[in-house]
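J.: Fold the following, please.
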Amino acid sequence: MNCIYFTFDYELVLGDVVGSVESCLISSTKAYIELFNKYNVCATFFIDCAYLLKLKELSELYDNLKTDYDNIVQNIQMLQDNGHSIQYHFHPQWLYSDYIDDKWVLDFDHYKMSDMDESYLKQTFKEGIDLLKSIIGKNIVAFRAGGYSLMSYKNYIQLLKTNDIRIDSSVTAGRRITKLHEYDYTKAPTYTYWRFNDNLLTPDLNGYFHEYRIKAIGPYYSLKYIYLKRMLQKKYSPLFSYNDGLSHINRLNRLKELFLKLFQKQSFHACTDGLMAANLINIYRKSCEENDDMVVIGHPKCTTDASLKLTEKFIQYAKAQGACFKKIDESLLYNQ
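T.: Model prediction:
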């Protein structure tokens, strides 16, 4: 029986306009709760606790931010009450950001953990875990790095072990080296689950840690990837989106990245975001052919009316094929 792990990075838009808590997080998450309750499916939500730390700090100065913080806490507890797993996510730029004239101004010089002073990283990483534990009343055992950039921080093994993190789900397809992202998973195992000890990319049957790689299909040459994505855009154009933010636009860096992409192969992730949800059934079929499980990533902020319908269609199809749906930490009970 193939297992499917729905996972969501619970975060605002990491851009020039971060979007509203109500639309990007609260309303979109409630839409998923309703959908998952309909089919008795549970998911794992990785909460961006760097944002929560900064939000809690500034909530003492701004009434609207206190309202945001209280609403998020209630939303996280609602997720847990509905059977979903609450785990750890960390986007460091929030810790260096400002709130000026009722607007978040993000710091893009500290986008990944390797951009941080090590002592400050260790301090705030633990503070974020402690904050999340206080909200849900449970230990945290699973983590996904912001921007998938785990290994760019050289002491990641010790950081995870010190904070009792046993499960990681940062590995995705391919390689990306930019100012904001730094990861190379081209040498990672292509299957979904493995254990490891001292190196994320080196499987060890008796390893202390557990990796759950995000499933993907491809890679495709860039022109084919662009063509396939355009076809999806035409076929599954949404009427409504919960995303009311705006991505960060650095035109020079964007042009450099687009130029590099022309010479790199790209993959489609198993993803509930927007039109990408149209690939879920095909990726699941591939997983079945490989006798492999499937980790799906999503972001509540990227939810649309079309993506919800496509995700529901996928759930219906997978259930008809006999798939089971699990939370990532649930598997730790069977893989000690």
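
J.: Quick check: buried residues in stretch 194-205?
T.: By neighbour count with 16 or more other C-beta atoms under 10 Å, stretch 194-205 contains the buried residues Trp194, Phe196, Leu200, Pro203. For glycine as for every other residue, the C-beta is placed from the backbone atoms N, C-alpha and C.

J.: Please, where are all the strands along the stretch 101-250 of the chain?
T.: For the stretch 101-250 of the chain, the strands defined by DSSP state E, counting those that start in this stretch occupy 103-105, 142-145, 167-168, 175-177, 182-184, 193-196, 209-212, 216-220, 246-247.

J.: who does the third one touch, helix- and strand-wise?
T.: What it means is strand 167-168. For strand 167-168, the elements it packs on are strand 142-145, strand 209-212, judged by 3 or more C-beta pairs under 8 Å, 6 or more residues apart in numbering; DSSP states H and E.

J.: can you check the fourth one too?
T.: Secondary structure elements in contact with strand 175-177, counted by 3+ C-beta pairs under 8 Å, 6+ apart, are strand 182-184.

J.: Over to the fifth one?
T.: Strand 182-184 sits against strand 175-177, with contacts defined as 3+ C-beta pairs under 8 Å, 6+ apart.

J.: The strand it packs on: which residues count as buried?
T.: Under the neighbour-count rule (16+ other C-beta under 10 Å), strand 175-177 has Arg176 buried.

J.: what about it, average pLDDT?
T.: When pLDDT is averaged over strand 175-177, the result is 80.

J.: Give me the sheet partners of that strand and which way each runs.
T.: Paired neighbours of strand 175-177 in the sheet (DSSP bridges): strand 182-184 (antiparallel).

J.: In the strand it pairs with, which residues are buried?
T.: In terms of neighbour count (16+ other C-beta under 10 Å), strand 182-184 has its buried residues at Glu182, Tyr183.

J.: the helices in this structure, which residues?
T.: Secondary structure of the chain (DSSP state H): helices located at 21, 28-39, 49-59, 63-81, 118-136, 156-162, 222-235, 251-261, 280-289, 305-320.

J.: Can you say which of the ones you listed is nearest to Phe209?
T.: Phe209 lies closest, by C-beta to C-beta, to one member of these: helix 156-162, at 6.7 Å.

J.: Can you show me the CA trace of that closest one as CSV?
T.: What follows is helix 156-162, C-alpha atoms only, in CSV (Å, rounded to 0.1, in the frame of the first residue of the first chain):
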residue,chain,number,x,y,z
TYR,A,156,22.8,21.2,10.7
ILE,A,157,23.2,17.7,12.2
GLN,A,158,24.1,19.0,15.6
LEU,A,159,21.4,21.7,15.5
LEU,A,160,18.7,19.0,14.8
LYS,A,161,20.0,16.6,17.4
THR,A,162,20.4,19.3,20.1
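
J.: Just the mean pLDDT for that helix, thanks.
T.: For helix 156-162, the mean pLDDT works out to 98.

J.: Could you do stretch 76-90 as well?
T.: For stretch 76-90, mean pLDDT is 98.

J.: Next, format the strands of the stretch 101-250 of the chain as JSON lines and append distance to His84.
T.: Formatted as JSON lines, these follow (distance: least, C-beta to C-beta, whole Å):
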{"stretch": "strand 103-105", "distance to His84": "26"}
{"stretch": "strand 142-145", "distance to His84": "13"}
{"stretch": "strand 167-168", "distance to His84": "15"}
{"stretch": "strand 175-177", "distance to His84": "29"}
{"stretch": "strand 182-184", "distance to His84": "27"}
{"stretch": "strand 193-196", "distance to His84": "20"}
{"stretch": "strand 209-212", "distance to His84": "16"}
{"stretch": "strand 216-220", "distance to His84": "24"}
{"stretch": "strand 246-247", "distance to His84": "27"}
